[in-house]
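Peer 1: this is a predicted model, with the sequence first.
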Amino acid sequence: KAGVTQTPRYLIKTRGQQVTLSCSPISGHRSVSWYQQTPGQGLQFLFEYFSETQRNKGNFPGRFSGRQFSNSRSEMNVSTLELGDSALYLCASSPGWETQYFGPGTRLLVL
Amino acid sequence: EDKVVQSPLSLVVHEGDTVTLNCSYEVTNFRSLLWYKQEKKAPTFLFMLTSSGIEKKSGRLSSILDKKELSSILNITATQTGDSAIYLCAVGGSNTGNQFYFGTGTSLTVIP
């Protein structure tokens, strides 16, 4: 089975811009979660989607949003980028309510 | 506030040593505890522990969940240089799906 894929792998943006990241889960997995990883804060939960519905949400501002499509692929959008948004964004897929498998991540640099 | 704390923050050992990594948590609606290994890439899954399975073992790695003490340990015996990585502990705390709280990790360095 193919693993979790994320695109793009690297991204450079400037403050104020917006960005969209994409995640394709493992075939058959219906849950997709997004995490932000920074050296200072570690891995922080952004949100989880299951069957096109947001099932859980972390404590991030409304600039961070996501969605999931009928094929379980998910996108995450960050609007009005700030320097502090520079991070590794990880997507994890799960069959439903259990172990999560991570993708390679998208490294975002905001200048 | 839900939180997961790992200790020590970092560890340097020699090949062949045995190490114990700790994870303590305060998470409402506890459902499961996961251990991951992260090298210079995405975390890779090691173990999942739940209330119904408090000990797991795979080769030189083993993990125990103590629900009374709200903690878990990850043991690595006969360490090898390939074990050098950051080990992450994550605790699931939602009745309605996957919401995991991660610790900041323990950085393990194994020197020959």
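Peer 2: Perfect, thanks for sending it.
Peer 1: next one, pLDDT for the spatially closest residue to A:Ser33 that is not a sequence neighbour please.
Peer 2: Leaving aside its sequence neighbours, A:Ser33 sits nearest to A:Glu48 (CB to CB, 6 or more residues apart in numbering or on different chains; 4.3 Å). Where you see a C-beta, it was placed from the backbone N, CA and C, and this is true even at glycine. pLDDT for A:Glu48: 93.
Peer 1: same thing with A:Gln100?
Peer 2: pLDDT, the model's per-residue confidence, is 88 for A:Gln100.
Peer 1: what bridges to the residue nearest to it when sequence neighbours are not counted?
Peer 2: Among residues not flanking A:Gln100 along the chain, A:Ala92 sits closest, at 3.8 Å (CB to CB, 6+ apart). With DSSP bridges as the criterion, A:Ala92 is bridged to A:Ser33, A:Phe102.
Peer 1: quick one, strands of chain A?
Peer 2: Taking DSSP state E as the criterion, chain A contains strands spanning A:5-7, A:10-13, A:19-24, A:31-38, A:42-50, A:53-57, A:64-68, A:74-78, A:87-94, A:101-102, A:106-110.
Peer 1: what does the second one contact?
Peer 2: Identification of contacts with strand A:10-13 by CB atoms under 8 Å, 6 or more residues apart in numbering or on different chains yields A:Val19, A:Leu21, A:Leu81, A:Thr106, A:Arg107, A:Leu108, A:Leu109, A:Val110, A:Leu111.
Peer 1: residues touching the nearest residue to A:Val32 once chain neighbours are set aside, list them.
Peer 2: Using CB to CB, 6+ apart and skipping residues adjacent in sequence, the residue nearest A:Val32 is A:Ser74, 4.1 Å away. Counting by CB under 8 Å, 6+ apart, A:Ser74 touches A:Ser22, A:Cys23, A:Pro25, A:Val32, A:Trp34, A:Tyr49, A:Gly66, A:Arg67, A:Gln68, A:Cys91.
Peer 1: confidence score at A:Ser74?
Peer 2: In the prediction, the pLDDT value recorded for A:Ser74 is 97.
Peer 1: who does it form a beta bridge with?
Peer 2: Counting by DSSP bridges, A:Ser74 is bridged to A:Cys23, A:Gln68.
Peer 1: which of the contacts of A:Ser74 count as buried?
Peer 2: A:Cys23, A:Pro25, A:Val32, A:Trp34, A:Tyr49, A:Gly66, A:Gln68, A:Cys91 (16 or more other CB atoms under 10 Å in any protein chain shown).
Peer 1: how much space between the third one and B:Met48?
Peer 2: As judged by CB to CB, to the nearest Å, A:Val32 and B:Met48 stand 18 Å apart.
Peer 1: for chain A, which residues are neighbours of chain B?
Peer 2: With CB under 8 Å from any CB of the partner chain as the criterion, chain A meets chain B at residues A:31, A:33, A:35, A:41-45, A:48, A:50, A:55-56, A:58, A:90, A:92, A:94, A:97-105.
Peer 1: filter those residues to the buried ones?
Peer 2: Looks like the residues of chain A next to chain B have A:31, A:33, A:35, A:42-45, A:48, A:50, A:55-56, A:58, A:90, A:92, A:94, A:97, A:99-105 buried, using 16+ other CB under 10 Å.
Peer 1: centre of the chain to stretch A:77-96, how far?
Peer 2: Chain-centre distance of stretch A:77-96: 4 Å, with CA atoms, centre = their mean, to the nearest Å.
Peer 1: good, wrapping up.
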